[in-house]
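In: Build me a model from this:
(one chain, ligands or ions: 1)
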Amino acid sequence: MAHAAQGALLPSAAELLGLARRLAGQGPTAIKAILVGQDLEAAAREMAGLGLEEVVLLEGPGLNAYSGPAWARALTPLLAALGPAWVLVPHDSQGQDYAPVLSLGLEAACLGPVEGLEDTDGGAAFLCPGQGGKVLWPQRPLTPSAVLSVAPGAFPAAQAQGPAAPLTRLACAALAPGIRHLGETEGHGQSRELAQAQSVLALGRGLGKRENLALAQDLAACLGACLAGSRPLCDLGWLSYDQQVGQTGATVAPRLYLACGISGARQHTLGMRGAGFIVAINHDPQAPMHDLADLSVVADLPQFLQALLEACRAIK
Ligand SMILES: Cc1cc2nc3c(=O)[nH]c(=O)nc-3n(C[C@H](O)[C@H](O)[C@H](O)COP(=O)(O)OP(=O)(O)OC[C@H]3O[C@@H](n4cnc5c(N)ncnc54)[C@H](O)[C@@H]3O)c2cc1C
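Out: Okay, here's the model as predicted:
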């Protein structure tokens, strides 16, 4: 399943293709992508350009706005006819909603969020977090077909390979029972600006005190970065919850992620490890965020933010 937002393919689509190619190496070889919704031709063509067997665009009046029941009703007969060994779904807000419903309709196991893959003698084992993320459980489905809800950023994105895939358009009349979609207004969930930001300046408890927020805001403005943060800062009310990155917040994939005074708890890194270049700024050289970082800065955060702001202003 390839997801798109505002007509643009999400990075999770290429990541799922990367996982699909690994799984194809162990058995089934045909890989198809399905997109659901309207105005997705550009996203479908982008997906087709990555090289797979076929891209299916499922369109219909009941599928214009996301609805779990409508998607599950539309996808179940299509997938049942295709008979896939694996159905890969991004574990984003939509995927974690419809994946279990889909698995019920297909009488398939449902695993997720899948964060890793172990190739064992007995076949593929999928690593899924348990006990609030404290452990990873290797799991193997017992059904012939399985729905895998895959954590964003867990697998490297596939590179384009082979010729572009043919695009098949399918019309679907499935409707969510008893629902009429009347429009759209901005909610309190993940902000679109953050989801699509190319640079993110994320603040953690290492910011120290609320007064340092203005410094971070000035730096974010100077860098043209979107301000975000860890959950404790949202719990403190220093940031709003639509700025929270992580398991219970937004999933971001910017080109640059500045992790400022963030320890690197897995509940946070789940939401940002797909970032292109990660800078960790933390006075503790043992902080786990340094392990994920492309560039580690061991420094006092407010002092470093001040120095970076001055450098940024000088360059501008
Ligand atoms: C079910 C569940 C879901 C969760 N979901 C999320 C989520 O979606 N997002 C999320 O972020 N968290 C989430 N959490 C919380 C998560 O487990 C961590 O507690 C949280 O991410 C820690 O935030 P932090 O790194 O800002 O704070 P801390 O862990 O307290 O780390 C602060 C860091 O700042 C550094 N520091 C301190 N002072 C300075 C200084 N002066 N200069 C430089 N560095 C300094 C410290 O060395 C430390 O590494 C969740 C937890 C649970 C149980």
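
In: who's in contact with Gln295?
Out: To be clear, residue 295 is Leu; Gln isn't right here. By C-beta atoms under 8 Å, 6 or more residues apart in numbering, the contact set of Leu295 is Phe277, Ile278, Val279, Ala280. From N, CA and C alone the C-beta is placed, and that goes for glycine too.

In: The second one sits in which helix or strand?
Out: Right, the one you point to is Ile278. Assigned by DSSP states H and E, Ile278 falls within strand 277-281.

In: right, is the least confident helix or strand in the chain by mean pLDDT up against the ligand?
Out: When each helix and strand of the chain is scored by mean pLDDT, DSSP states H and E, helix 192-195 comes last, with a mean of 79. No - with C-beta under 6 Å from any ligand atom as the criterion, the ligand is not reached by helix 192-195; the gap is at least 12.7 Å.

In: just use 47 as the starting number from now, easier for me
Out: Sounds good: first residue 47 from here, last item helix 238-241.

In: Which helix or strand lies directly C-terminal to that helix?
Out: Following helix 238-241 in sequence, per DSSP H and E, is strand 245-249.

In: What is that next one packed up against?
Out: Applying 3 or more C-beta pairs under 8 Å, 6 or more residues apart in numbering; DSSP states H and E, one finds that strand 245-249 contacts helix 259-269, strand 272-275, strand 302-306.

In: quick one on the thing from earlier: mind putting the contacts of Leu341 into TSV with pLDDT, neighbour count and distance to Ala204?
Out: Formatted as TSV, those follow (pLDDT from 0 to 100; neighbours: other C-beta atoms under 10 Å; distance: C-beta to C-beta, whole Å):
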residue	pLDDT	neighbour count	distance to Ala204
Phe323	96	13	20
Ile324	97	23	21
Val325	98	18	26
Ala326	98	24	27
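
In: Name the nearest of those relative to Asp165.
Out: Ile324 (27.1 Å; C-beta to C-beta).

In: tally of neighbours for Pro115?
Out: 17 (other C-beta atoms under 10 Å).

In: returning to that earlier point: quick one: the strand holding Ile324 to chain centroid distance?
Out: Remark: strand 323-327 is offset 19 Å from the chain centroid, using C-alpha atoms, centre = their mean, to the nearest Å.

In: Dump the C-alpha coordinates for that strand into PDB.
Out: Taking Å, rounded to 0.1, in the frame of the first residue of the first chain, the C-alpha atoms of strand 323-327 are listed here in PDB:
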ATOM      1  CA  PHE A 323      20.700  14.100   8.100                       C
ATOM      2  CA  ILE A 324      20.500  14.100  11.900                       C
ATOM      3  CA  VAL A 325      22.400  16.400  14.200                       C
ATOM      4  CA  ALA A 326      22.300  15.500  17.900                       C
ATOM      5  CA  ILE A 327      23.100  18.300  20.400                       C
END
